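Q: Any chance you can model this:
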Amino acid sequence: MSKSLPGVVVRDVIHGFGPVEVLHGISIEVESGRIIGLLGPSGAGKTTLVKLIAGVDRQRSGTVHVSGELMPSFELMERIGYVAQGDALYRELSGRENMEFFGALYGLHGAALDERIHTCAGLVDLGEHLHRQVQDYSGGMKRRLSLATALLHEPGVLILDEPTVGIDPVLRHDVWDRLRAYADDGASILITTHVMDEANHCDRVAMMRDGLLIAQDTPEGLRRTAGVDTLEEAFLHFCSRVPS
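A: Model prediction:
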């Protein structure tokens, strides 16, 4: 993977549903080789924002560029790794059959696809379960399969919406180690979470509340600016500064 891959640039994005505006002028960047965390409670607008970045929806105003190209772009979507909040898997197929199907969509076939399936399934500790139908998977196993599928084509940009929900703490730690290694290899990673401890693994954290970006810095920088010891306390601090 090239270290020169550009990442994600969001500028002044406004979006809503019907008369309700849910994102109010969001601007954020994800540089190559960096993990950026979107941190905030349910309803903050995190999922709406990542759908716009992934090209699933189109914003009302503002711009989203991924790898230097304006989104949405069907061609570019094929080069993004996207894990949605809801698992987009075929329940009646096995784990391996799901990976074969999505791998073929990414243009992978034969020995190259077999190698990527083996590698990505191993990254999330699913290798021995690939023969099972997805309908027999636990929620955590489905999340792990979704992540493995998103990594199949070695995308330069990863967009992950709550990817570790339902994953046990030991494996979650391992997943973060893998994401760090992937970023160190040049990928741009945007990940949403409402778990404060997970946000500490990110290079930068963008805190969101009610469709607003209320603070953005390194985890250490956020704690230092707020004069507190934890990201949870920092989040509460920045929330208190937002006009009601």
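Q: going forward, measure contacts between C-alpha atoms and count neighbours the same way
A: Fine.
Q: Quick check: longest helix in the chain by residues?
A: Here the longest helix in the chain is taken by residue count, with DSSP state H as the criterion, and it is helix 169-184.
Q: Next, the contact list for Lys239, please.
A: No Lys there; residue 239 is Cys. In this structure, Cys239 makes contact with 209, 214, judged by CA atoms under 8 Å, 6 or more residues apart in numbering.
Q: Show the pLDDT at it.
A: Cys239 is assigned a predicted lDDT (pLDDT) of 91.
Q: Looks to me like it is in a helix.
A: Yes - following the definition DSSP: H, G, I helix; E, B strand; the rest coil, Cys239 is counted among the residues of a helix.
Q: helices and strands of the chain: which one has the lowest mean pLDDT?
A: The helix or strand of the chain with the poorest confidence is helix 74-77; it has a mean of 80 (mean pLDDT, DSSP states H and E).
Q: neighbouring contacts of it?
A: In contact with helix 74-77 (CA under 8 Å, 6+ apart) are residues 54-55, 66, 69.
Q: One more: stretch 167-181?
A: Contact partners of stretch 167-181, identified using CA under 8 Å, 6+ apart, comprise 35, 123-124, 140-141, 143-144, 164, 201.
Q: Those residues: which two are farthest apart?
A: Checking these against each other with CA to CA, the farthest-apart pair comes out as Ile35 and Met141, at 23.1 Å.
Q: Which one's more surrounded, the two?
A: When neighbours are counted by other CA atoms under 10 Å, Ile35 comes out ahead of the other of Ile35 and Met141, with 25 against 20.
Q: Can you show me the helices along the protein?
A: Using DSSP H, the helices found in the chain span residues 46-54, 74-77, 95-105, 110-123, 139-151, 169-184, 196-199, 219-226, 231-240.
Q: Out of these, which gets nearest to Asp87?
A: Each of the helices of the chain was scored for nearness to Asp87 using CA to CA, and the closest is helix 139-151 (6.4 Å).
Q: Could you chop the protein up by domain?
A: Described in terms of automatic domain parsing, the domain architecture of the chain consists of the residue ranges 1-79+157-244, 89-154.
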